[in-house]
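Colleague: sequence unavailable; structure follows:
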């Protein structure tokens, strides 16, 4: 059994050069390895430490699916910080209400989205990460456990008031560990016949099912996760064929 979710980063470092995320934006295709995401997560955790953002503090996460999004969530985990993910396609008004509720110490995400937040909150755009993140990495803080909360998930914005649900490491591991254990007898055949599995995750990572297929299941199989910014049917079909997608999560 895993002590906490951040132990998945050990797997990321072990897989190192294998592709973890492929993000499709227009005609651009950007691949990021497991090792690169692990290092980004450690550097983001170091930045949180520099800013004295730690256990129990909240960080708003508002951006489209991608490697930086995943690294930001893991970086928060390493520090014991509560990530507060928002749907990239949600309204600015809903985002402002969530921010007022959780009072984040920092907002990270896509620059165009962060620009819509009130000026009350410090922000750091993914586009500025290379110049802003420290070179050194930070490891997990002491005391992380299955009981440690790591995330507050909010409703989609279709309800009148935002309602946050706090998830602990154990909440997720209760679902992930049976999949991990059940997959072991078949991993030899996956390596021989189907590796790498390619998961096309069209759900936002701010959604519990988007996280399942984009964050928790892929490391079990060292799978590639593909994200597409344009969710038009013809575009999806084209990507599925070109990239030889194994699984569509929709």
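Modeller: Sure thing, it's come through. These figures come from a predicted structure and were not determined experimentally. Residues are numbered from 1 along each chain as shown.

Colleague: next, the buried residues of the helix or strand harbouring residue 21.
Modeller: Per DSSP states H and E, residue 21 falls inside strand 19-25. In terms of neighbour count (16 or more other C-beta atoms under 10 Å), strand 19-25 has its buried residues at 19, 20, 21, 22, 23, 24. Placement of C-beta: from N, CA and C, glycine included.

Colleague: quick check: the two most widely separated of those?
Modeller: Taking C-beta to C-beta as the measure, these span a maximum distance of 14.7 Å, between 20 and 24.

Colleague: low-scoring stretches of this protein, by residue?
Modeller: 155-162 (pLDDT under 70).

Colleague: if we go to 80?
Modeller: Low-confidence segments of the chain (pLDDT under 80): 155-163.

Colleague: could you check the angle the longest helix seen in it makes with strand 19-25?
Modeller: Longest among the helix segments of the chain by residue count, using DSSP state H, is helix 34-50. Here helix 34-50 runs at an angle of 80 degrees relative to strand 19-25 (axes from the mean of the first three to the mean of the last three C-alpha atoms, to 10 degrees).

Colleague: number of residues surrounding residue 76?
Modeller: The number of residues packed near residue 76 is 28, by other C-beta atoms under 10 Å.

Colleague: element containing it?
Modeller: helix 67-79.

Colleague: and the next helix or strand past that helix?
Modeller: Following helix 67-79 in sequence, per DSSP H and E, is strand 82-86.

Colleague: check the gap between the spatially most central residue of the chain and residue 216 for me.
Modeller: Centrality entry for the chain: nearest residue to the mean C-alpha point is residue 70, 2.8 Å, by C-alpha atoms, centre = their mean. Per C-beta to C-beta, to the nearest Å, residue 70 is found 11 Å from residue 216.

Colleague: right, I'll leave it there.
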